Structure formats: C-alpha cells, structure tokens
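1. this is a predicted model, with the sequence first.
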Amino acid sequence: MTISVNGEPVAVPTGTTVSALLKLLDVEPALIAVELDGMVVRREAWSDIPIRSGATLEIVRFVGGG
Amino acid sequence: MEERDRDRYSRQIRFPGIGLSGQQRLLDARVAIVGCGALGSFHATALLRAGVRRLILVDRDYVELNNLQRQWLYNEEDAARARPKVEAAAHHLRRIDSECQPEPVAADLTPGNIAEILDGVQLVLDGTDNFETRYLINEFAVQHSIPWIYGAAVGSYGITMPIVPGSTCCFSCLYPQPPAGIQPTCETAGVVNVLTSAISSFQVSVALQILCERHHEFCITTIDLWSGKLRRVPLSAARLDCEVCGLKRFSHLEGRRRAPISLCGRNAVQIHDRGRSVDLVLLKEHLLPLGEVRANELALRFFVPPYEMTIFQDGRAIVKGTTDVGIARRLYAQYLGS
C-alpha cells in the first residue's frame, strides 16, 4: 500500500505499524514524535496501530540543544 | 508614541503585518528569554530592535571564548572577563537601545523560582539547552495560559514549535518524555552558527505575530540547514489524555521530576538519574575528541578540567571538582544531552 511520510509517497506492506515503519526507514525512535492523519500517536501505541492505505504520517525529530 | 520611536521603528510600522498598533503592542510587551546562549542572544537582539524593551533574561552561565562562534551578543572582552551572560547581554542591549529595560536573572529556572521569575510575562522564548527546563516552562505556560515558543538546534538541524495554550497542543502532547540515552549536544556534535539565528528567526517571527495579535497558522518548523531543507508540519490537536494540558498534572512544576542530586564526598556532586541507561561505548566515542576518557563496562571517567565526571551505566553520575549542583547539572546536560 502507499502512504505519505513527511510529504513523500512511500510503499509499505499492508498492516505495517508505526514501529515497523520506523525500522523500515531506519529512523532512531528515541528522538521522534509521530503524527498520523494530523493526530499524535503515543509512543506506547506505536506497535499496536496498523497504518491504513493512504494515511499521512509526519515523523518529527526533536533535539535539545540551544 | 514618542517621535523618536516613530522614527526608530518606521521601517517596521510601514510593514502591514505590524503597523502602528502592532508597534505599540511590542513597546508595551514584556517577554522572557530563558537561556541566553546562541538562540537566546539572538532572540534578545531581535526582539529589542523590534521594540520589545522589557526583556527578562535567564541564564546562569558565564561567557566563554568558544561561545563567540555562535552567541550573537557577546564579544572577546566578555569572554576574557568571564562575565555572566545575562549581565553582558543587558549591557550590550542597553547600547543598542538606551531605553531597554533588561531584567537579568543569573540563575537556572527551577520549580522553586519559576513563578517569581516569569510572573507577569506575556510570552516565553526558549533558548535553553535541555529538556528538563523545557518541560518546566511548558507546564508553567499551560498552567498560566502563556504562549511559549520551543526552539532547539544542534549540528545542522534545528526545530521550532509554538505552544499557545487553548489554541494548540502543548509540548508534552507531542513529546512527553525526554529522550533516553545520550544525545548529541553542541559540545559533542558541533553546531553551524547560522542554524541558531535561522531557528531563532522563526521563533521571533512567531513571537512578533502573537504579540501583535496577527498570527497565522501555527506549525512545527524544521530546518536542515546544510542541505537547505525546510519543512513545515501542521500542529496536531491537543491530546485529551495529555498529562499536562489534558489532565492538568504539573509534575515538573511540583518538583517531582527532577533527578535527585546530592553532595557526596568533599568536593563532588552525585546525580541519581537512574532512569536512563547509558551506552558507555557510544559515550566514549562522543567524548574522546573532547578530552581524556577512561572506561570499562561499568563506568566511564571523563576529564574536563577542573572537573572529573564519572558516569555509570544506569545513568548515575558523579561530578568531582565542585559542590555546586547547578554546575553538575549543566555538565551532565552538556556532555550527555538531556
């Protein structure tokens, strides 16, 4: 299925969860927040929620320096 | 408005997004800048030049030579004299505008002093370098319905996000826990100086809009400066189950979330942050370019004269060479990133 990740189309297997997607994209989970169709997905739910086809995901990396 | 001010701000008054009414709002505003390093010193300069004369400046640090690469307000004399940053900032700001009314606070923001320091401010600009203080600011801002603008920068990547209680989600909605393990800091990963002015520019721009009551859609902005990539992410709605803005639980303000810290031995401070396991191998790699490091599987010793830091695998640390808990906390944040 195709989903949108950070504005770009990405092909992923059906039933991919947020956790699985992060592994696929080689994204370090500790630093990020995830929005799925405009709503925040809590870290605890990352392996629970299968992403549906056509979904829009934003993966945002947080840093601490200033 | 004084004639002199009409002249000073003429190029801004003429900008339709601000105008005369906006300019008056800026002149009447009182804004806090927490952290006066690279981000904070740019915030201060920009806001003052825009007409925000009442600035609360919070930072316990002293100016050092290696600050001058990116900390926009300070100079060699400040570094040579090891001036407190807020004092140096106040001095330089008054020379830009003699009517500036800086309120320098040479201290860390803590649960014990935040209410007094931020009393009566309309907006808080983030210039901090650690998550603990950001969570504290977030809770205070939500509790008092004060907007604050998160900003952070390291390497060539930066991020900013406005939090407007009642209108947007809060910081904890999106990022409720600080990152586990060690994180890159400007000390360990370096930073491109103009990344800090770029991120600050976005923060100050939103601040000006909020103060002038002319804001647009709020969003997260991320910048990868070296590659020139900029991204805007719409802010999600506040989480109803967010500890802070949903459930109104202010554990950081109540002091329940600070890593316990105590004096140990004659000239050392221990930080009992056992919650975070530290990859000592990775930490050694990060620290080797910066000083002498000795490590085994259980502990790592890092020499940053006049201090010596011992870090254990469970996140506990002992900082030798000081009895000042603020300095110990600072070093921990500087080298492990928290």
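-> In hand now; what should we look at?
2. please pull out the lowest mean pLDDT helix or strand from chain A.
-> The helix or strand of chain A with the poorest confidence is strand A:39-41; it has a mean of 92 (mean pLDDT, DSSP states H and E).
3. ok, residue 31 - how many residues close by?
-> All of this is about chain A. Neighbourhood size, A:Leu31 [other CB atoms under 10 Å in any protein chain shown]: 18. In this view, the C-beta of every residue, glycine as well, is placed from N, C-alpha and C.
4. hmm, I had chain B in mind actually
-> 23.
5. what are the bridge partners for it, then?
-> B:Leu55, B:Leu123 (DSSP bridges).
6. check contacts around it.
-> B:Val31 is in contact with B:47, B:52, B:54-56, B:121-125, B:207, B:211, counting by CB atoms under 8 Å, 6 or more residues apart in numbering or on different chains.
7. now with 7 Å, please.
-> B:47, B:52, B:55, B:121-123, B:125, B:207 (CB atoms under 7 Å, 6 or more residues apart in numbering or on different chains).
8. now rank the residues you listed by neighbours and give me the top one.
-> B:Leu125 (31 neighbours).
9. from chain A, how far out is it?
-> From B:Leu125 across to chain A, the span is 10 Å (CB to the nearest CB, to the nearest Å).
10. ok, that residue touching B:Ile149?
-> Yes: using CB atoms under 7 Å, B:Leu125 makes contact with B:Ile149 at a distance of 5.5 Å.
11. overlap of the contact sets of the two?
-> B:203, B:207.
12. list the buried residues of stretch A:27-47.
-> A:31-36, A:40-43, A:46 (16 or more other CB atoms under 10 Å in any protein chain shown).
13. one more: stretch B:258-270?
-> In stretch B:258-270, the ones that count as buried by 16+ other CB under 10 Å are B:259, B:261, B:268-270.
14. which stretches of chain A have low pLDDT?
-> For chain A, no stretch has pLDDT under 70.
15. one step back: now secondary structure, pLDDT and distance to chain A too, for the buried residues of stretch B:258-270, in a markdown table please.
-> Converted to a markdown table, those look like this (DSSP: H, G, I helix; E, B strand; the rest coil; pLDDT from 0 to 100; distance: CB to the nearest CB, whole Å):
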| residue | secondary structure | pLDDT | distance to chain A |
| --- | --- | --- | --- |
| B:Ala259 | coil | 72 | 15 |
| B:Ile261 | strand | 77 | 19 |
| B:Ala268 | strand | 87 | 25 |
| B:Val269 | strand | 88 | 21 |
| B:Gln270 | strand | 86 | 22 |
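16. looking at these, spot the one nearest B:Pro178.
-> B:Ala259 (10.4 Å; CB to CB).
17. mind listing what's buried in the strand or helix carrying B:His43?
-> Element membership of B:His43 [criterion: DSSP states H and E] is helix B:38-50. Of the residues in helix B:38-50, B:38-50 count as buried by neighbour count, 16+ other CB under 10 Å.
18. and chain A, which of those reach it?
-> By CB under 7 Å from any CB of the partner chain, the members of those lying near chain A are B:38-39.
19. and whatever residue of the stretch 151-300 of chain B ends up closest to chain A, what element?
-> Of all residues in the stretch 151-300 of chain B, B:Val154 sits closest to chain A, at 3.6 Å by CB to the nearest CB. Take DSSP H and E as the rule and B:Val154 turns out to sit in strand B:148-154.
20. that strand - which strands sit beside it in the sheet, and in what orientation?
-> The pairing partners recorded for strand B:148-154 under DSSP bridges are strand B:123-126 (parallel), strand B:157-163 (antiparallel).
21. and the next element down the chain from the first one?
-> Looking back up the chat, that one is strand B:123-126. Next along the chain from strand B:123-126, counting by DSSP H and E, comes helix B:131-144.
22. ok, the last one next?
-> Beyond strand B:157-163 in the direction of the C-terminus, DSSP H and E gives the next helix or strand as helix B:171-174.
23. my guess is B:Gly120 contacts B:Ala32. True?
-> No: look at B:Gly120 against B:Ala32 with CB under 7 Å: they stay out of range, at 9.5 Å.
24. more neighbours: which of these two?
-> Taking other CB under 10 Å, B:Gly120 and B:Ala32 do not tie; B:Ala32 has more neighbours (28 against 10).
25. how close does that one get to chain A?
-> 15 Å.
26. next one, pLDDT for that residue please.
-> On pLDDT, B:Ala32 comes in at 98.
27. what sits against the residue nearest to the spatial centre of chain A?
-> What sits nearest the mean C-alpha location of chain A, by CA atoms, centre = their mean, is A:Val18, with 4.7 Å. By CB under 7 Å, 6+ apart, A:Val18 lies in contact with A:34, A:41, A:46, A:49, A:51.
28. recalculate using a threshold of 6 Å.
-> Contacts for A:Val18 were tallied using CB atoms under 6 Å, 6 or more residues apart in numbering or on different chains; they are A:34, A:41, A:46.
29. just the strands from chain A, written as ranges.
-> Using DSSP state E, the strands of chain A run over residues A:2-5, A:8-11, A:32-36, A:39-41, A:56-61.
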